[in-house]
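next one to model:
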Amino acid sequence: MSVPTPHISAQKGDFAKTVLMPGDPLRAKFIAETFLDEAKLVNNVRGIGGYTGLYQGHKISVMASGMGMPSMGIYSYELFRFYDVDHIIRIGTAGAIRADLKLRDVVAGMGVCTNSSFAKQYQLPGDYAPIASYRVLAAAVDAAKKCGVDLVVGNLYSSDTFYDERADSLQQWQKMGVLAVEMESAALYMNAALTGKEALAICTISDCPLTGESSSAEERQNSFTQMMEIALQTAIRL
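Residues are numbered from 1 along each chain as shown. The predicted model follows:
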């Protein structure tokens with residue numbers, strides 16, 4: 001496939017080697033306007049804003065992934081395969097599963113469990129375990145220390161179901177030490193593995209499904225800046 005693709009209108013060279021990917025297009029816009037110098041809109045197909053600018057003199061891009069693994073699967077694959085992107089850092093929200101996590105805590109997915117059938121396309125003779133790039137994870141841990149943030153590292157759970165009919169499903173993952181639930185990282189990690197690229201998911205705890213605590217949509221869009229700063233500091237270390 002050549003560029004532009006059916007989903008991305010950018011030209012070759014419009015994206016930096018590192019792309020930050022929030023789920024929400026408005027969060028991508030907020031990051032570009034708040035943190036990037038000379039930010040330029042390079043994609044807006046279907047309202048999925050993609051921007052490229054400078055952060056502390058380094059070329060960085062930010063583009064939304066939309067919600068869920070099918071959407072993340074499309075955008076991350078096209079960026080890796082057709083736009084020569086080498087690293088994607090997901091910066092999203094997640095629901096706490098581990099009991100000691102609180103609203104606004106920041107977690108990083110060393111690995112990802114999933115209920116998705118995304119990996120079936122590879123026809124592997126077993127179950128695939130999606131993992132982050134250790135190099136990007138190590139850079140994020142270092143960046144978090146410099147930012148004064150206690151980054152919690154462990155397993156995430158990527159779910160295809162936001163409204164789960166099984167009332168005890170999160171408790172089942174909790175007993176295995178899983179940190180938090182979200183909806184995109186497994187597909188991102190698998191696309192990175194397939195294409196020989198690097199990926200990491202950094203998420204802010206936006207709600208605690210097992211206790212009923214939650215933050216507002218506006219807070220999720222505009223105020224989770226610690227996660228954004230860690231990702232940006234990670235990007236300039238790659």
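
C-alpha from now on. contacts and neighbour counts both.
OK.

pull out the buried positions in the one helix or strand Ala187 maps to.
Taking DSSP states H and E as the criterion, Ala187 maps to helix 185-195. Neighbour counts using 16 or more other CA atoms under 10 Å place 185-193 of helix 185-195 among the buried residues.

what comes up buried for whichever strand or helix holds Leu200?
Element membership for Leu200 (DSSP H and E) is strand 198-208. By neighbour count with 16+ other CA under 10 Å, strand 198-208 contains the buried residues 198-208.

dump those residues to TSV, plus distance to Ala235 and pLDDT.
Formatted as TSV, those follow (distance: CA to CA, whole Å; pLDDT from 0 to 100):
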residue	distance to Ala235	pLDDT
Glu198	12	98
Ala199	11	98
Leu200	11	98
Ala201	13	98
Ile202	12	98
Cys203	15	97
Thr204	18	96
Ile205	21	95
Ser206	23	93
Asp207	26	92
Cys208	29	89
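
most centrally placed residue in this structure?
Geometric centre of the chain, nearest residue: Arg90, 1.7 Å, by CA atoms, centre = their mean.

partner residues bridging that residue?
On the basis of DSSP bridges, Arg90 is bridged to Met21, Ala201.

separation between it and Ser185?
Computed as CA to CA, to the nearest Å, the Arg90 to Ser185 distance reads 7 Å.

mutual contacts of those two, please.
200-201 (CA atoms under 8 Å, 6 or more residues apart in numbering).

ok, which stretches of this protein are strands?
Ranges of strands in the chain, per DSSP state E, are 18-21, 37-43, 50-55, 58-63, 87-96, 106-114, 152-158, 180-182, 198-208, 213-214.

now the ones you listed as JSON lines including distance to Tyr77?
Below are the strands of the chain laid out as JSON lines (distance: least, CA to CA, whole Å):
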{"stretch": "strand 18-21", "distance to Tyr77": "12"}
{"stretch": "strand 37-43", "distance to Tyr77": "16"}
{"stretch": "strand 50-55", "distance to Tyr77": "15"}
{"stretch": "strand 58-63", "distance to Tyr77": "13"}
{"stretch": "strand 87-96", "distance to Tyr77": "10"}
{"stretch": "strand 106-114", "distance to Tyr77": "18"}
{"stretch": "strand 152-158", "distance to Tyr77": "17"}
{"stretch": "strand 180-182", "distance to Tyr77": "19"}
{"stretch": "strand 198-208", "distance to Tyr77": "12"}
{"stretch": "strand 213-214", "distance to Tyr77": "31"}
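
for Leu124, find the nearest of those strands.
Proximity to Leu124 (CA to CA) singles out strand 106-114 among the strands of the chain, at 15.8 Å.

now the angle between helix 185-195 and the closest one, please.
Inter-element angle recorded for strand 106-114 and helix 185-195: 80 degrees (by axes from the mean of the first three to the mean of the last three CA atoms, to 10 degrees).

residues in contact with strand 106-114?
Here strand 106-114 has contacts from 129-132, 134, 137, 149-159, 179, 185-186, 200-205, 226-227, using CA under 8 Å, 6+ apart.

could I get the buried residues of helix 185-195 as TSV with distance to Asp84?
Listed next are the buried residues of helix 185-195 as TSV, based on distance: CA to CA, whole Å:
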residue	distance to Asp84
Ser185	20
Ala186	21
Ala187	18
Leu188	15
Tyr189	16
Met190	17
Asn191	13
Ala192	12
Ala193	15
